[in-house]
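Chemist: Next input, structure requested:
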Amino acid sequence: MKGAQKAKVIQRTECTVMDKLRAVLSGRDGNNDRNILQAANEASTLGWGTRVKGFIACMVIGVVFTFLGVCCLFIPKIGLILFIVFYTFGNICSLVSTMFLMGPIKQLKRMCDKTRAFATVVMITCLVLTLCAAFWWKIFALTLLFVILQILAFAWYSLSYIPFARDAILKFFSMLCTMCVK
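Modeler: Have a look, this model is predicted:
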């Protein structure tokens, strides 16, 4: 009996999901105050296993590209450019990987939270400016500065997901500064 009841519940759930998907895709959804991204997010939900696999794949790609970038630093003449491209692409892949766990809408909302908004803006600005400084302006010192700022901004952004981590880092550096002054 339990198996038959469970099968009926699963079948009803699948029917309602398919009905919602058909309604969204045909444009006859009764809820008109949602935007297209929310409708697509609800219609294309991934299973938890698929989300974890996507997260791991993107994170591994990001780490590999970051590592390749560091290895390319030792190539004469074009090493710095390859480092910048690979490192920036690795950061983008690492950032996108978290969208698999939370979903793109939820991740974008969390990136714009008041605790993360500044770090998000600085991080994305540094990603763009790093590429601009490397390819359009071709100024080595500026490119290096933006890469360093990119690293710091990404670290500060990542720390915002760990409760009290930013406060602990700030406290550590303030204690370090007071010890150095004495």
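Chemist: out of everything not next to it in sequence, what's closest to Arg166?
Modeler: Once flanking residues are discounted, Arg166 sits nearest to Leu159: 5.1 Å by C-beta to C-beta, 6 or more residues apart in numbering. Bear in mind the C-beta positions are built from the backbone N, C-alpha and C, glycine included.
Chemist: okay, now the one you found: neighbour count?
Modeler: For Leu159, the count of nearby residues is 16 (other C-beta atoms under 10 Å).
Chemist: For it, give its distance to Thr66.
Modeler: Taking C-beta to C-beta, to the nearest Å as the measure, Leu159 falls 18 Å from Thr66.
Chemist: repeat for Ile151
Modeler: 10 Å.
Chemist: Please apply the same query to Ile84.
Modeler: Separation of Ile84 from Thr66 (C-beta to C-beta): 11 Å.
Chemist: Name the residues that touch the strand or helix carrying Met179?
Modeler: Met179 belongs to helix 165-181 when assigned by DSSP states H and E. The contact list for helix 165-181 (C-beta atoms under 8 Å, 6 or more residues apart in numbering) reads Trp156, Leu159, Ser160.
Chemist: Contacts only, for the residue nearest the centre of the chain.
Modeler: Centroid check for the chain by C-alpha atoms, centre = their mean gives Leu95 as the closest residue, at 2.2 Å. Counting by C-beta under 8 Å, 6+ apart, Leu95 makes contact with Gly62, Met123, Phe154.
Chemist: so which of the residues you listed is the most crowded?
Modeler: Using other C-beta under 10 Å as the neighbour test, these are led by Met123, with 24 neighbours.
Chemist: Spell out the secondary structure type for Thr115.
Modeler: Per DSSP: H, G, I helix; E, B strand; the rest coil, the secondary structure class of Thr115 is coil.
Chemist: I'd like the distance between it and Gly79.
Modeler: Counting by C-beta to C-beta - Thr115 and Gly79 are separated by 37 Å.
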